[in-house]
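S.K.: Can you look at this prediction? I've put the sequence above it.
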2 protein chains.
Amino acid sequence: MHTERTNKNIKLLLASTSTVYGSNYLEYLMPELEEFFKDIKQLIFIPFARPAGISHEAYSSLVSRTLTKIGIDVLGLHSCEDPQKALSEAEAIFVGGGNTFVLVHQLYALGLMDSLRQSVLSGSKYLGTSAGSNIAGVSMQTTNDMPILSVPSYATCAWIPFNINPHYLDPNPQSRHKGETRQTRIKEFHVYNQTPVLGLREGSWLRVTGDQIRLCGPHSARLFRKNQEPQEIPPTQLLSFSPNT
Amino acid sequence: MHTERTNKNIKLLLASTSTVYGSNYLEYLMPELEEFFKDIKQLIFIPFARPAGISHEAYSSLVSRTLTKIGIDVLGLHSCEDPQKALSEAEAIFVGGGNTFVLVHQLYALGLMDSLRQSVLSGSKYLGTSAGSNIAGVSMQTTNDMPILSVPSYATCAWIPFNINPHYLDPNPQSRHKGETRQTRIKEFHVYNQTPVLGLREGSWLRVTGDQIRLCGPHSARLFRKNQEPQEIPPTQLLSFSPNT
């Protein structure tokens, strides 16, 4: 995977979560999805992350029932005879959440990581939620998921020059739990790695158009850089990354 | 790594956490440690998991200051000229918490995973906390940690015929967070893996003597087996595993 910035065709919508508390699957995002996908008739859904072990078929059905409301026909990648061709010809691609190790394992096992990457670099619109947003980053190394399957590499699509930590959680001052906070885990990541990490709170998403990256939704996001104090990025602000960070 | 049960010399103390809320490092465990280590004068400490990126030196000093109170002299493995020899001759070994990927990466990189395993099979007393308890299991795949370094294998010491999930957390019915609960993550593990998983709550520990495994401390533990309802194990109960589970 390279991180060269030949990104002018990139169009991404990267959400921290598919679902916010008290509402249905993708419900909070529907106005944004309607606008993002306004000229899209068909979308390829990649169900590989399998939340709670749901089958590819059942996961694709859920997405199909949801996106048909905005006039989008959903095809599960698992049911495509030639998945490479399906990805390269896709107008739009959606990678749903679940376990990031399972998702990355399967994309590499089927030889599809690079096909996915190239398709989006060539202009396929991309929607990611949770694990699907994680793989838009440089590596999957700031996932919250358990390593329930092995992966040949942590490298992911690198459409953006940083990593995402989805479902970002602030330390709870009331908590008596002594397990590491999310912030501590990301600090540990930066002992060994340079890549900046964006902690994306539930209800937040990024809109990426070429090199322009905008934080959307009601919350600020928390940006972690090696050897620097974390920084709060206010909502609707453009994120700025110099080429070497 | 093999899982054959040639475990008659095994003596383990495996704690969910080094520290419980409102008390100092290892403080809640000191009476148990005093008894477990009653005939031990020197202990080899493995500082590789580096919580919050602390140096090997600083981590070993903390352990040394703590265990000197019960008359134990601590030697950090990072400072041993011949770490294989140090492990094979150790009366007692302590692997502290931190990041499990970093710990396992380093043990494999230095060729020490098998030395550690064999030393404990030959009778070295072993204390683990958090990541150090995780590696007593069959694999590190039920860690809560981020994959901040790569590992050549998830296989760990397999002194016990199951995996540990340290810092086990019950779902919080008040929470509005939509990230996966610990129970969901372990259920996802069992989609792809057979190994039973013991969710060990903070303040709990296991005492293992040969094939006898006892849950200690004030809390019950939660045992997850593939395709079965989770089971609560009451404190001070012996855990029973048939050879093929």
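M.R.: Perfect, thanks for sending it.
S.K.: contacts and neighbour counts: CA atoms only from here.
M.R.: Noted.
S.K.: low-scoring stretches of chain A, by residue?
M.R.: Along chain A, segments meeting pLDDT under 70 span A:1-6, A:242-245.
S.K.: Contact partners for the residue of it most remote from its centre?
M.R.: Centroid-distance maximum for chain A: A:Arg176 at 30.9 Å, with C-alpha atoms, centre = their mean. Contact analysis of A:Arg176 by C-alpha atoms under 8 Å, 6 or more residues apart in numbering or on different chains lists B:Tyr21.
S.K.: try A:His56
M.R.: A:Pro47, A:Phe48, A:Arg50, A:Gly76, A:His78.
S.K.: Tell me the one among those residues nearest to chain B.
M.R.: Closest approach to chain B among the contacts of A:His56 (C-alpha to the nearest C-alpha): A:Arg50, at 8.6 Å.
S.K.: What strand or helix carries the residue farthest from the centre of chain A?
M.R.: A:Arg176 belongs to no helix or strand when elements are defined using DSSP states H and E.
S.K.: Now it: phi and psi?
M.R.: Here the main-chain torsion angles of A:Arg176 (degrees, to the nearest 10) amount to phi -100, psi 10.
S.K.: Tell me where chain A has helices.
M.R.: For chain A, the helices defined by DSSP state H occupy A:30-36, A:56-67, A:83-89, A:100-109, A:113-121, A:131-134, A:182-192.
S.K.: Surely A:Val20 touches A:Gly217?
M.R.: No: using C-alpha atoms under 8 Å as the test, A:Val20 is too far from A:Gly217 to be in contact (11.7 Å).
S.K.: what residues do those two have in common as contacts?
M.R.: Any residue near both A:Val20 and A:Gly217 by C-alpha under 8 Å, 6+ apart counts here, and that gives A:Gly203.
S.K.: Let me have the helices of chain A in JSON lines, extended by distance to B:Asn227.
M.R.: JSON lines is the format used below for the helices of chain A (distance: least, C-alpha to C-alpha, whole Å):
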{"stretch": "helix A:30-36", "distance to B:Asn227": "36"}
{"stretch": "helix A:56-67", "distance to B:Asn227": "19"}
{"stretch": "helix A:83-89", "distance to B:Asn227": "32"}
{"stretch": "helix A:100-109", "distance to B:Asn227": "19"}
{"stretch": "helix A:113-121", "distance to B:Asn227": "31"}
{"stretch": "helix A:131-134", "distance to B:Asn227": "25"}
{"stretch": "helix A:182-192", "distance to B:Asn227": "30"}
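S.K.: highest average neighbour count across those?
M.R.: helix A:131-134 (a mean of 30; mean count of other C-alpha atoms under 10 Å in any protein chain shown).
S.K.: ok, it near chain B or not?
M.R.: No: if you take C-alpha under 8 Å from any C-alpha of the partner chain as the test, helix A:131-134 misses chain B, and the best it gets is 10.8 Å.
S.K.: on contacts alone, who are the packing partners of that helix?
M.R.: When contacts are defined as 3 or more C-alpha pairs under 8 Å, 6 or more residues apart in numbering or on different chains; DSSP states H and E, helix A:131-134 packs onto strand A:11-15, strand A:92-95, helix A:100-109, strand A:163-168.
S.K.: quick check, distance from that helix to the centre of its chain.
M.R.: Mean-position distance between helix A:131-134 and its chain equals 3 Å (C-alpha atoms, centre = their mean, to the nearest Å).
S.K.: what does stretch A:113-127 give?
M.R.: With C-alpha atoms, centre = their mean, you get 13 Å for stretch A:113-127.
S.K.: What of stretch A:152-161?
M.R.: Relative to the centre of its chain, stretch A:152-161 is centred 11 Å away, using C-alpha atoms, centre = their mean.
S.K.: so how far is the first residue of it from its last?
M.R.: Start to finish, the residues bounding stretch A:152-161 are 21 Å apart (C-alpha to C-alpha, to the nearest Å).
S.K.: With stretch A:29-40 instead?
M.R.: End-to-end for stretch A:29-40, by C-alpha to C-alpha: 16 Å.
S.K.: sorry, back to before: quick one: buried ones out of the contacts of A:His56?
M.R.: A:Pro47, A:Phe48, A:Arg50, A:Gly76, A:His78 (16 or more other C-alpha atoms under 10 Å in any protein chain shown).
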